[in-house]
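Undergrad: Okay, here's the prediction I keep looking at, along with the sequence it came from:
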Amino acid sequence: MVGTGDDYTGIPISKGCGDAAIQTSLVDGRPVCVRIVTPADEIRLREGIARMSPRSRYLRFFTGGASPPDWIIERLLGADGVRHLAWGALDLTDPSQPVMGVVRAIRPGTADPIAEFSIAVVDAYHGLGVGRLLAATLLLDAFAGGLTAFSANVLSENEAARSFIRRLGAHHVSQDGPEAEYRLDVASALEQMREDRDPPGLADVFAYFDGKR
């Protein structure tokens with residue numbers, strides 16, 4: 001963590017973070033790999049969700065069970081790069097490369113301009129900028145694919161998540177019992193994040209996608 005004296009200099013980037021991935025670092029200097037989620041990540045995802053606290057699982061998945069429901073894993077593994085986008089962040093300081101967080105967007109059809117957005121970060125990595133790195137990655141991927149907006153359903157009691165998405169520029173559009181729906185304009189969010197460059201690792205995320213154009 002910042003200020004603890006951790007020194008991550010000299011840690012090699014794992015071969016698991018190849019050309020089709022983004023190599024960057026967190027606010028504490030920890031090297032991280034951000035890449036597309038694949039079916040081979042099933043065990044890693046299950047272990048990551050299991051490491052979340054019951055409270056975090058409830059706020060994110062609306063369930064506090066120790067084992068995530070299969071539909072959650074299936075959704076995360078079902079990315080096709082068009083209708084369904086999913087990215088994960090891996091901790092490169094650990095040889096097993098545990099998942100730090102995942103983000104996804106699913107649209108009803110390939111031509112729909114609005115997609116459902118969701119993000120989850122393992123408790124041990126809160127406060128290090130993982131969420132914003134993943135959000136920027138997904139926004140850039142979505143923008144390249146023609147998506148114009150995200151919708152997100154958040155429990156009203158989840159103030160941390162509400163604050164996070166509002167910081168991205170989202171606004172509240174409806175309320176259904178305990179669930180609040182937010183709408184986020186993709187282009188506006190990207191413009192704001194490109195100007196803020198907070199955390200510093202965002203520069204690597206933007207450079208990756210700029211290089212693909």
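TA: That came through fine. Values in this document were obtained by computation on a predicted structure and should not be read as measured data. Numbering: from 1, shown residues only.
Undergrad: how close does residue 89 get to residue 76?
TA: 13 Å (Cβ to Cβ, to the nearest Å). C-beta here means a position set from N, CA and C on the backbone, and glycine is covered the same way.
Undergrad: So which residues of this structure form strands?
TA: Ranges of strands in the chain, per DSSP state E, are 21-25, 31-36, 84-91, 99-106, 114-121, 149-155, 171-176, 179-185.
Undergrad: Please convert those strands to TSV, extending it with mean pLDDT and mean neighbour count.
TA: Compiled in TSV, those are given as follows (pLDDT from 0 to 100; neighbours: other Cβ atoms under 10 Å):
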stretch	mean pLDDT	mean neighbour count
strand 21-25	93	20
strand 31-36	95	21
strand 84-91	96	24
strand 99-106	96	24
strand 114-121	95	22
strand 149-155	96	19
strand 171-176	96	11
strand 179-185	97	17
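Undergrad: Which among these is found nearest to residue 211?
TA: Proximity to residue 211 (Cβ to Cβ) singles out strand 21-25 among the strands of the chain, at 10.4 Å.
Undergrad: Show residues contacting that closest one.
TA: Strand 21-25 is contacted by residues 8, 13, 17, 31-36, 133, 137, 200-201, 203-205, 208 when judged by Cβ atoms under 8 Å, 6 or more residues apart in numbering.
Undergrad: Need the residues touching each of residue 89 and residue 76.
TA: Applying Cβ under 8 Å, 6+ apart, one finds that residue 89 and residue 76 are jointly contacted by residue 102.
Undergrad: List the contacts of the lowest-mean-pLDDT helix or strand in the chain.
TA: Every helix and strand of the chain was ranked by mean pLDDT, DSSP states H and E. The lowest is helix 70-77, at a mean of 84. Helix 70-77 has contacts (Cβ under 8 Å, 6+ apart) with 37-39, 41-42, 45-46, 49, 61, 84, 86, 102, 104, 106.
Undergrad: again, only this time at 10 Å
TA: Helix 70-77 is contacted from outside by 37-43, 45-46, 48-49, 57, 60-61, 63, 67-69, 84, 86, 88, 99, 102-104, 106, 116, 118, 120, using Cβ atoms under 10 Å, 6 or more residues apart in numbering.
Undergrad: okay, the angle between the longest helix belonging to the chain and strand 179-185?
TA: What stands out as the longest helix in the chain, according to DSSP state H, is helix 130-144. Helix 130-144 runs at 60 degrees relative to strand 179-185, counting by axes from the mean of the first three to the mean of the last three Cα atoms, to 10 degrees.
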